[in-house]
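Trainee: sequence and predicted structure, then a few things I'm wondering about:
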Amino acid sequence: MRRGLVTAGAVLAAVAVAGCDDGHRPDLVVQGTPPATPYSGPLHVPTRQLDENSPDATRPASGAAGRALECDGEIFDGSGPDGWSRSEGGDTPEEGLALYFDMVQPEQPDHGYRVEREERDRVLYSYDVHGRTKVAVVVARDQKDRPGWGPETSASCDPAELPESFTATTDWQIWTDRAGRRVPVTTVHSSPGPEHCGWQSADFLALGKRTYARDPEGVLARDGLLRAPYRATVRMPADARDTGYHHRGRRLWLTPGGATAYVRTDHGVEAWPLVGEGVGCA
């Protein structure tokens with residue numbers, strides 16, 4: 001899972017996805033509407049771990065759950081079997097799904113799932129957006145050394161493909177393009193600085209493999225995180241171009257080379273410098 005670390009090229013994505021304190025989620029599984037093309041493949045697909053962070057590595061690691069997704073873009077997250085102790089396995093498939101959220105605490109909606117496929121020892125749950133599966137979880141029963149029902153594989157599409165009503169409750173700040181379409185977070189996204197680092201006054205902007213930062217109180221500069229100073233008021237360079245990406249009054253402009261992100265607001269233009277390599281906050 002992507003969580004809890006700020007480094008160059010990877011902005012903080014600590015998402016507030018929390019279940020009820022007593023573990024009871026009355027709307028965890030809903031009746032829903034069957035999709036036009038339900039997943040018809042096997043529910044058990046052997047998983048394979050690759051030592052890299054890419055869609056090509058995530059797909060084989062996510063087994064049947066990854067195959068059940070209907071993403072507009074690439075698969076975003078996915079994992080294979082997670083272990084549970086003898087006392088944790090659920091008595092029902094739904095309890096096995098609840099265990100997934102308790103154990104993994106994924107950056108995904110924690111209610112509104114529908115049974116898409118059901119077999120004797122496995123059940124596929126899907127979270128659908130406009131009739132397409134954006135999160136999939138396969139729960140299995142009585143696996144080796146793991147009695148009862150629990151999560152076997154899981155996978156999800158890019159957070160930008162999830163409803164705004166969900167992403168608005170997280171630290172994912174989803175940008176839109178010129179046409180108002182939500183842009184994948186793997187392309188661009190922003191998030192506030194983590195409070196436990198003392199960086200809550202800052203903002204991070206991830207653009208591909210680069211990370212820029214807004215640092216109005218100098219907390220990132222103090223910790224040696226920035227390659228250049230943050231400037232609250234600058235002139236837009238003549239060679240800057242409008243990327244079309246915008247979020248809540250902020251519009252992103254870039255110059256050739258991309259050493260600085262220029263963010264136009266209603267109050268002027270700010271210069272967000274690059275975050276340095278190899279520094280971060282755990």
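Mentor: Perfect, thanks for sending it.

Trainee: got the domain ranges for the chain?
Mentor: 17-169, 171-273 (automatic domain parsing).

Trainee: roughly how far is the first one from the heart of the chain?
Mentor: The chain centre lies 14 Å from the centre of domain 17-169; the measure is Cα atoms, centre = their mean, to the nearest Å.

Trainee: mind checking the pLDDT average for that domain?
Mentor: What domain 17-169 shows for mean pLDDT is 88.

Trainee: cool, stretch 260-279 as well?
Mentor: 92.

Trainee: what's the neighbour count on the spatially closest residue to W199 that is not a sequence neighbour?
Mentor: Leaving aside its chain neighbours, W199 sits nearest to G193 (3.1 Å; criterion: Cβ to Cβ, 6 or more residues apart in numbering). Any C-beta I mention is one placed from the backbone N, CA and C, and that applies to glycine too. The burial count assigned to G193 is 25, neighbours taken as other Cβ atoms under 10 Å.

Trainee: distance of G193 from T169?
Mentor: 18 Å (Cβ to Cβ, to the nearest Å).

Trainee: go on, T58?
Mentor: When T58 is compared with T169 (using Cβ to Cβ), they lie 24 Å apart.

Trainee: show me where this structure has helices.
Mentor: 55-61, 63-68, 93-104, 164-167, 219-222 (DSSP state H).

Trainee: the longest one packs against which elements?
Mentor: Translated: helix 93-104. Using 3 or more Cβ pairs under 8 Å, 6 or more residues apart in numbering; DSSP states H and E as the contact test, the elements touching helix 93-104 are strand 122-129, strand 132-143, strand 146-157.

Trainee: who's more crowded, T58 and T169?
Mentor: Shown here are T58 and T169; by other Cβ under 10 Å, T58 has more neighbours (20 against 13).

Trainee: hmm, back to that, out of the helices and strands packed on helix 93-104, which is closest to E217?
Mentor: strand 146-157 (34.3 Å; Cβ to Cβ).

Trainee: quick one: buried residues of the closest one?
Mentor: R146, G148, W149, G150, P151, E152, T153, S154, A155, S156, C157 (16 or more other Cβ atoms under 10 Å).

Trainee: which of those residues sits closest to C71?
Mentor: Looking across the buried residues of strand 146-157 and measuring by Cβ to Cβ, the closest to C71 is C157, at 3.8 Å.

Trainee: show me the contacts for that closest one.
Mentor: C157 is in contact with L69, E70, C71, D72, G73, I75, F76, K134, V135, counting by Cβ atoms under 8 Å, 6 or more residues apart in numbering.

Trainee: what about burial for those residues, which qualify?
Mentor: L69, E70, C71, I75, F76, K134, V135.

Trainee: shouldn't the fifth one be in contact with A160?
Mentor: I take that to be F76. No - using Cβ atoms under 8 Å, F76 is not in contact with A160; the gap is 9.0 Å.

Trainee: what do those two both touch?
Mentor: V185.

Trainee: that older thread, okay, the helices of the chain, which one's buried deepest?
Mentor: Across those, averaging neighbours per residue (mean count of other Cβ atoms under 10 Å) puts helix 63-68 on top, at a mean of 25.
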